[in-house]
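Trainee: can't give you the sequence, but here's the structure:
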């Protein structure tokens, strides 16, 4: 497929002439927060954690609890309260999907009015044994009850029934969301990652841009983004097994974008469930990565550093599995920070399975100075 040329695409190719290389992070302090061996069989496969900072020393963590990576009807969302300083973890609620549905991934969003909602990637298993998105659902936090209400289907936006909510960002009264449209739900069969916006704390959404088209028809699926300056930085995982970075304006019109896969030695495939953030003047991409090009090489958890203006990659760190263990599922990761100055800590929440066993939810702590 020919891709539409976009500003900065050709110029960006020269940014990868010098390979920055990758290094191993010092061994982290690692804690298993959810141990599959201690859980009932129907909720033993715990995966895909995401977090929301809810206090100076607290995050809420949401993850899938089911029987397998996918196609496990009745799989649940579990929401827990986690204290950063002590590591204490307490279950808030388990939301079980009514069969034949399954809850696959969840994203917690805090709106400008202080309200919290859980957006759920809902799937069903088809006649062919494959999973299909059933339409995203939303559960809102009820502070009086201390629980989330029953999930409701996210209303169509401009006639589009969306599935797979990806990530949220708020600024002022506005909240933006990246979310996927699936062809079997849309007139004309459109498949895309779209940006939508709410100015009323998620009660309604309006369409902003089809990023798949805006980025040149790249056929993106899982994507992450962050606010930067007066625009955004977006990371996309493509069906073509490429990971890309894109810098946009406030309306998600692309200004610069680069292909990463194959341009530098330690990005040899997609980056699974990419997440981006900006800190200390640098951009960072975290997720499941393959630093080795050989077929069958192990997946690793990596932090990739880049210039947030030019998107040029200038460093990489292997956070986990530098010793090439057989990690059979894992490394969708989210981050949070604590401390200040030389005592700043990077907290990474992820999931990990070894040798085909059910994965657990893991927290890894690093000195930020050692990995940034």
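Mentor: Arrived safely. As the structure is a prediction and not an experimental result, all values here were calculated from the model. Numbering: from 1, shown residues only.

Trainee: quick one: the helices in this structure?
Mentor: Ranges of helices within the chain are 9-12, 211-214, 368-371, based on DSSP state H.

Trainee: which of those comes out lowest on mean pLDDT?
Mentor: Of all the helices of the chain, the minimum mean pLDDT falls on helix 9-12 (a mean of 41).

Trainee: please enumerate the strands of the stretch 1-150 of the chain.
Mentor: 23-24, 29-34, 45-55, 58-66, 76-83, 89-96, 101-110, 116-125, 131-133, 137-142, 147-148 (DSSP state E, counting those that start in this stretch).

Trainee: dump these into TSV; add mean neighbour count and mean pLDDT as well.
Mentor: Quick note: C-beta positions are derived from backbone N, CA and C, even for glycine. Shown next, in TSV, are the strands of the stretch 1-150 of the chain (neighbours: other Cβ atoms under 10 Å; pLDDT from 0 to 100):
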stretch	mean neighbour count	mean pLDDT
strand 23-24	12	97
strand 29-34	16	97
strand 45-55	20	98
strand 58-66	23	98
strand 76-83	20	98
strand 89-96	14	98
strand 101-110	23	97
strand 116-125	23	96
strand 131-133	17	90
strand 137-142	19	98
strand 147-148	17	98
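
Trainee: okay, those strands in a markdown table with distance to residue 236 next?
Mentor: Formatted as a markdown table, those follow (distance: least, Cβ to Cβ, whole Å):
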| stretch | distance to residue 236 |
| --- | --- |
| strand 23-24 | 26 |
| strand 29-34 | 29 |
| strand 45-55 | 18 |
| strand 58-66 | 22 |
| strand 76-83 | 25 |
| strand 89-96 | 29 |
| strand 101-110 | 17 |
| strand 116-125 | 17 |
| strand 131-133 | 18 |
| strand 137-142 | 24 |
| strand 147-148 | 30 |
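
Trainee: out of those, flag the one nearest residue 248.
Mentor: Residue 248 sits nearest to strand 101-110 of all the strands of the stretch 1-150 of the chain, at 20.2 Å, using Cβ to Cβ.

Trainee: off-centre distance for the closest one?
Mentor: Put simply, strand 101-110 sits 11 Å off its chain's centre (Cα atoms, centre = their mean, to the nearest Å).

Trainee: okay, the angle between that strand and strand 45-55?
Mentor: Relative orientation of strand 101-110 and strand 45-55, computed by axes from the mean of the first three to the mean of the last three Cα atoms, to 10 degrees: 20 degrees.

Trainee: which strands and helices sit next to strand 101-110?
Mentor: Here strand 101-110 touches strand 45-55, strand 58-66, strand 76-83, strand 116-125, strand 162-171, going by 3 or more Cβ pairs under 8 Å, 6 or more residues apart in numbering; DSSP states H and E.

Trainee: pull up the pairing partners for that strand, direction included.
Mentor: strand 116-125 (antiparallel) (DSSP bridges).

Trainee: and the angle from the strand it pairs with to strand 76-83?
Mentor: 150 degrees.

Trainee: quick one, which of the strands of the stretch 1-150 of the chain is nearest to residue 160?
Mentor: Closest approach to residue 160 among the strands of the stretch 1-150 of the chain is made by strand 131-133 (12.1 Å; Cβ to Cβ).

Trainee: paired strands for that closest one, with orientation please.
Mentor: Sheet pairing for strand 131-133, assigned by DSSP bridges, gives strand 116-125 (antiparallel).

Trainee: and the partner strand with strand 89-96, angle?
Mentor: 50 degrees.

Trainee: thinking again about what came up before, mind checking which of the helices and strands packed on strand 101-110 is nearest residue 357?
Mentor: With Cβ to Cβ as the criterion, residue 357 lies closest to strand 45-55 of the helices and strands packed on strand 101-110, at 9.8 Å.

Trainee: centre of the chain versus the closest one, how much separation?
Mentor: Distance, stretch centre to chain centre, for strand 45-55: 10 Å (Cα atoms, centre = their mean).

Trainee: hmm, who's touching it?
Mentor: 34, 36, 39, 59-69, 72, 75, 78, 81-82, 104-110, 116, 273, 329-330, 332, 334, 336, 349-351, 358-361 (Cβ atoms under 8 Å, 6 or more residues apart in numbering).

Trainee: residue 259 touches residue 244, doesn't it?
Mentor: Yes. The pair residue 259 and residue 244 qualifies as a contact (Cβ atoms under 8 Å) at a distance of 5.4 Å.

Trainee: higher neighbour count, the two?
Mentor: Between residue 259 and residue 244, counting by other Cβ atoms under 10 Å, residue 244 is the more crowded of the two (25 against 18).

Trainee: what sits against the more buried one?
Mentor: 215, 218, 220, 235, 236, 238, 257, 258, 259, 260.

Trainee: same question for residue 23.
Mentor: If you count contacts by Cβ under 8 Å, 6+ apart, residue 23 has them with 315, 316, 317, 318.

Trainee: only the buried subset of those, as a ChimeraX command please.
Mentor: Paste this into ChimeraX to select the buried members of these, with burial taken from 16 or more other Cβ atoms under 10 Å:
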select :315,316,317,318
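
Trainee: ok, so of the contacts of residue 23, who is nearest residue 190?
Mentor: Using Cβ to Cβ, the contacts of residue 23 come closest to residue 190 at residue 316, 34.8 Å.
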